[in-house]
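Trainee: mind folding the following:
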Amino acid sequence: MADYQGYAFLALFYLNKGLRRAWEVFCFCLIKLKKKTIIFIPITNNMFISLKKFGSTLTSRDDGKEALAAFQSSLKSVSAQEEIEINFSGVNTFSPAWADEFLTPLFEFFQDRLVLMRTANLSVKATIDLLEKIHNIKFRVK
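Mentor: Numbering: from 1, shown residues only. Presented below is the predicted three-dimensional model:
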């Protein structure tokens, strides 16, 4: 059993480090069978968007619109079963203007398949609450 735990730990380590492309996300858990056989089992097939790639201070409405435009080509390849997970780690300031230009169109298109990762950042929480009130929507939070 110890061999299995080592492979699972390694897969989770790489998953947590974010060492994957956002548009080609397949987290694999390695399971070693017998001595040399290795099987790859897909755990998830979701698209992950790390907002820190757009900067740590996300405030301008124009920058939010530009960020969405830059990501549009990747979003076209999302299958009907995939969820879009938004990660806020590394973001210090998150304004309603930027979020409205980036998150609102994503929500309108993907609806309940858009998932926001839980965060302790008060700027992010306040902005999400405000968007939910303004647009009368409810984001899924994981």
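
Trainee: show me where pLDDT drops low in the protein?
Mentor: Along the chain, segments meeting pLDDT under 70 span 1-44.

Trainee: mind doing that once more with 80?
Mentor: 1-45 (pLDDT under 80).

Trainee: domains for it, by residue range?
Mentor: Split into domains by automatic domain parsing, the chain comes to 2-44, 47-141.

Trainee: which helix or strand contains residue 103?
Mentor: Element membership of residue 103, judged by DSSP states H and E, is helix 96-110.

Trainee: any residues touching whichever helix or strand comes after that helix, and which ones?
Mentor: Later in the chain than helix 96-110, the nearest helix or strand by DSSP H and E is strand 114-116. By CB atoms under 8 Å, 6 or more residues apart in numbering, the list of residues contacting strand 114-116 from outside reads 46, 83-86, 88, 103, 106-107, 128, 139-142. Using the backbone N, CA and C atoms, a C-beta is placed for each residue, glycine as well.

Trainee: just stretch 128-135 next, same as before
Mentor: With CB under 8 Å, 6+ apart as the test, stretch 128-135 has contacts from 96, 99, 100, 103, 104, 107, 116, 137, 138, 139, 141.

Trainee: neighbours around the first one, how many?
Mentor: In this case it means residue 96. Neighbour count for residue 96, taken as other CB atoms under 10 Å: 20.

Trainee: distance of it from residue 81?
Mentor: Look at residue 96 and residue 81: by CB to CB, to the nearest Å, they are 31 Å apart.

Trainee: contacts only, for the residue nearest to residue 91 when sequence neighbours are not counted.
Mentor: Beyond its immediate neighbours in the sequence, the residue positioned closest to residue 91 (CB to CB, 6 or more residues apart in numbering) is residue 51, lying 5.1 Å away. Residues counted as contacts of residue 51 (CB under 8 Å, 6+ apart) are 58, 86, 87, 88, 90, 91, 94.

Trainee: okay, and which of the contacts of strand 114-116 map to strands?
Mentor: Secondary-structure check on the contacts of strand 114-116 using DSSP state E: residues within strands are 84, 85, 86, 140, 141.
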